[in-house]
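In: The sequence and its predicted three-dimensional model are supplied below.
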Amino acid sequence: MSTIGPVDGKERTLREWDFFLLWAGAAISLSEIWAGGLLVSFGLAAGLGIILLGHLAGNTPMALGGLIGSRHGVPAIVSTRGALGNRGSALPAVLNVVQLVGWTAVMLWIGGQSAAGLAGGAEHAGIWIVALGALTTLWALAGSRAWRVLQKIGVVLLLGLSVVMTALALKTYGWRELLAAPSAPSMPFMLGLDLAIAMPISWMPLVSDYTRHAAVPGRGIRGTWWGYFIVSSWMYAVGLVAALATGSGAPESMLLQLMGGHGLLVPALLVVLLSTLTTTFLDIYSNAVSAQSLFPKMGTRGLVLLAGGAGTLIALFFDATKYEAFLLFIGSAFCPLFGVVLADYFVLKRGCYVAEDLYRRGRYWYAGGVNPRALLAWAAGFGVYHACAKTGFAGGASIPAMALAAAIYLLISMKTKGRT
């Protein structure tokens, strides 16, 4: 589980099917179901169209980001050193640690509250949070070889339960009734599309942490793309159908009405528990990977324990959902950042980094260890993201911010190339 230097052949054990299961497990979560329910005002037909288009647009840059790690055996934050410089990558590493411990808390809080709502009552939410925090931390400690087994078991069970949940929704309410539900969009079409794009984009600071373990470099990208695209689109659709059918956007309420009403409380509880485990362990492990890029002398296992413990404590003593706006604010920085990283890797560096130089003084050691051109383009994209979000720009925020940051970086770099 070392993150010091590129991974070697012994750590490259995951194959295409393993990546499919890994990202299918990440996609089956209450947050994805909740996000799909936010599109309820568009109605069923338009909502499904938005889900598919958004995931097509969001999955592609996510997979391209993972390709860097797959080819060179480096985690996501280390891959940013090629554009930002060996020292410049410290800023995204710090931001990623902050957002991942926060998202760990949010996911554990939602999972604990949902489990308590289905079994035991609200007063037992703390017990569920501690149990989920301990299990997800142990899952993160298991390593890539164990993930192959754990994900197969967890995801197969979750996929089966998701089929049951989907079938119940359609059987209870029917396609005709759902299609006939009135639509009165509460937001522009492109902003709805941005809700679907944002979810796969949000995994970009993490995806290479796992694709670097690909047994055959580059092969894991297909499993990553299809695993997340199919299952995340499905979970969005489940949320949309459930919100139309039940009139509720709360995942635990959807599960209670769809499955609890048919005497399936135990399967509903399994959906909550397994989906929290298969998604949240990624946050905990990647938190440790990002932290180790800042503190390379610290062991991965110790950092995993710290990340899991911190997320659990926050979930126990605070209403973690109050941090969501702050976490989204931090997360919005990664969309333009990876616009810069992808432009640097695929255009300026022609799809090639020297992995060893990403860890030491080398060709990516810009003056002072920081590339000011990349920082400037990143800052511009960050500003565009929030300007678009604040004004309700019809084109959304994620894609404009990523595209503009990439364009500015390429323009500045090409103009100054002859003078550097």
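Out: Noted; the coordinates are in hand. Everything numeric here is computed off the predicted structure, so don't read it as measured data.

In: Now do the contacts for F346.
Out: L64 (C-beta atoms under 8 Å, 6 or more residues apart in numbering). All C-beta atoms are positioned from the backbone trio N, CA, C, and that covers glycine.

In: any idea how far C352 is from it?
Out: 10 Å (C-beta to C-beta, to the nearest Å).

In: Report the rounded mean pLDDT for stretch 90-108.
Out: Across stretch 90-108, pLDDT averages out at 91.

In: Where does the prediction get shaky in the stretch 251-400 of the chain?
Out: Residue ranges of the stretch 251-400 of the chain with pLDDT under 70: 251-262, 320-324, 327-328, 361-365, 367-368.

In: residue ranges for the helices of it, please.
Out: Secondary structure of the stretch 251-400 of the chain by DSSP state H, counting those that start in this stretch: the helices cover 251-258, 265-294, 300-317, 324-331, 334-343, 372-391, 398-416.

In: how about the nearest residue to the residue nearest the centre of the chain, chain neighbours excluded?
Out: For the chain, W203 is the residue whose C-alpha lies nearest the centre (C-alpha atoms, centre = their mean; 3.0 Å). Spatial nearest neighbour of W203, chain neighbours left out: M62 (5.6 Å); criterion: C-beta to C-beta, 6 or more residues apart in numbering.

In: does the one you found sit in a helix, a strand or a coil?
Out: The three-state assignment at M62 reads helix, by DSSP: H, G, I helix; E, B strand; the rest coil.

In: does it really touch P205, like I thought?
Out: No: in this structure, M62 is not within contact of P205 by C-beta atoms under 8 Å, at 10.2 Å.

In: Who has more neighbours out of those two?
Out: Neighbour totals were compared for M62 and P205, and P205 leads with 29 against 25 (other C-beta atoms under 10 Å).

In: Helix 334-343 and the strand or helix carrying the more buried one, what's the angle between them?
Out: Assigned by DSSP states H and E, P205 belongs to helix 204-211. Orientation of helix 204-211 against helix 334-343 (axes from the mean of the first three to the mean of the last three C-alpha atoms, to 10 degrees) gives an angle of 50 degrees.

In: now helix 204-211 and helix 265-294, what's the angle there?
Out: 90 degrees.

In: which strands and helices sit next to helix 204-211?
Out: Here helix 204-211 touches helix 16-27, helix 43-72, helix 76-79, helix 90-118, helix 220-246, helix 265-294, helix 334-343, going by 3 or more C-beta pairs under 8 Å, 6 or more residues apart in numbering; DSSP states H and E.

In: average pLDDT for the first one?
Out: So that's helix 16-27. Mean predicted lDDT for helix 16-27 stands at 88.

In: Who are the packing partners of it?
Out: Looks like helix 16-27 contacts helix 144-173, helix 204-211, helix 220-246, helix 265-294 (3+ C-beta pairs under 8 Å, 6+ apart).

In: Provide the contact partners of that helix at residue level.
Out: By C-beta under 8 Å, 6+ apart, helix 16-27 touches 14, 147-148, 151-152, 154-155, 158-159, 203, 210-211, 214, 219-224, 226-228, 230-232, 234-235, 278-279, 282.

In: Mind putting the helices and strands packed on helix 204-211 into TSV with distance to K415?
Out: Listed next are these as TSV, based on distance: least, C-beta to C-beta, whole Å:
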stretch	distance to K415
helix 16-27	38
helix 43-72	25
helix 76-79	25
helix 90-118	24
helix 220-246	32
helix 265-294	31
helix 334-343	14
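
In: quick one: which of the ones you listed is nearest L306?
Out: helix 265-294 (7.6 Å; C-beta to C-beta).

In: Tell me how far the closest one lies from the chain's centre.
Out: Centroid separation between helix 265-294 and its chain, computed with C-alpha atoms, centre = their mean, to the nearest Å, is 11 Å.

In: repeat for stretch 330-345
Out: That offset, for stretch 330-345, works out to 14 Å (C-alpha atoms, centre = their mean).

In: Buried residues in it, which are they?
Out: Neighbour-count burial for stretch 330-345, counted by 16 or more other C-beta atoms under 10 Å, picks out 330-345.

In: between the helices of the stretch 251-400 of the chain, which gets nearest to G111?
Out: helix 265-294 (3.5 Å).

In: Report the buried residues of that closest one.
Out: Under 16+ other C-beta under 10 Å, the buried positions of helix 265-294 are 267-293.

In: next one: stretch 222-230
Out: Quick answer for stretch 222-230 (16+ other C-beta under 10 Å): G223, T224, W225, W226, G227, Y228, F229, I230.

In: any idea how far the fifth one is from V94?
Out: To V94, G227 is 29 Å away according to C-beta to C-beta.

In: got it, and the third one?
Out: The span separating W225 from V94 equals 29 Å under the rule C-beta to C-beta.

In: What of the fourth one?
Out: If you measure W226 against V94 using C-beta to C-beta, the figure is 33 Å.

In: Identify the residue spatially nearest to A105, adjacent ones excluded.
Out: I314 (3.7 Å).

In: Does that neighbour touch V98 like I think?
Out: No: under the criterion of C-beta under 8 Å, I314 makes no contact with V98, lying 11.4 Å away.

In: Looking at the two, which has the bigger crowd around it?
Out: Higher neighbour count among I314 and V98: I314, with 20 against 15, using other C-beta under 10 Å.

In: For the stretch 101-250 of the chain, give me the ranges with low pLDDT.
Out: 144, 172-184, 248-250.
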